[in-house]
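Asks: Please find the sequence and the predicted model below.
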Amino acid sequence: MGEYLKARFREAVSEAESMGIRVRFYPAHEAINLSETMNNGVQVVMTNLKSGKEFFLFANRVLLATGHWFAEAKQPGYFPSPWPAAYLQEHIPKGASVAIIGSSLSAIDAVLTLTADGAFSRAPTGKLVYRPINTGNSPFIRGGHCSPLFAAGQVPTETSS
């Protein structure tokens, strides 16, 4: 895990603990089942992946954080994931118009992949501008998010030196 993510994770754990939430980690374990208890809690059946032994955890709430599950792309020009980066670079032609749905880390990964042959810098106005190494090969990237909290954004490009 990158240093940024580690720091953000530690901050989130610290904040949760400061609010009285008990945080416990179970590396090398897997939750294999859960059920509601008579007092409206949750019983989670855990398995130790090294020993195979099972045990129970009891909680008031369960957060299901499974990571990313990506279906196969069934439509031409649609990429359900920005990974692997090489796949995007091989299948999206230079200079293509690309719409990125989302505004989180995976969207940022996609933008960084598609702009890897150039550089970002600040224009005199303070606006962030992408400058491609080879003019004419610059991607046109349009981003957006389904939440009204995020306005659709556009990455401006500069094609002349």
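Replies: Cool, got the structure.

Asks: tell me which element Val13 falls in.
Replies: Val13 is located in helix 3-18, with elements delineated by DSSP states H and E.

Asks: could you pull out the helices for the protein?
Replies: 3-18, 85-91, 105-114 (DSSP state H).

Asks: so the longest one versus helix 105-114, what angle?
Replies: The reference is to helix 3-18. Per axes from the mean of the first three to the mean of the last three C-alpha atoms, to 10 degrees, the angle that helix 3-18 makes with helix 105-114 is 170 degrees.

Asks: and helix 3-18, what does it pack onto?
Replies: Applying 3 or more C-beta pairs under 8 Å, 6 or more residues apart in numbering; DSSP states H and E, one finds that helix 3-18 contacts no other helix or strand. For glycine as for every other residue, the C-beta is placed from the backbone atoms N, C-alpha and C.

Asks: I'd like the average pLDDT over that helix.
Replies: Average pLDDT, helix 3-18: 84.

Asks: before we move on, the earlier item: how far does the helix holding Val13 sit from the chain's center?
Replies: Centroid separation for helix 3-18 versus its chain: 17 Å, with C-alpha atoms, centre = their mean, to the nearest Å.

Asks: separation between the residue in the chain sticking out farthest from the centre and Leu49?
Replies: Distance to the chain centre peaks in the chain at Met38, reaching 36.5 Å (criterion: C-alpha atoms, centre = their mean). Between Met38 and Leu49 the computed distance is 30 Å (C-beta to C-beta, to the nearest Å).

Asks: Repeat that for Glu11.
Replies: Counting by C-beta to C-beta, the gap from Glu11 to Leu49 is 28 Å.

Asks: what do you get for Asn33?
Replies: 15 Å.
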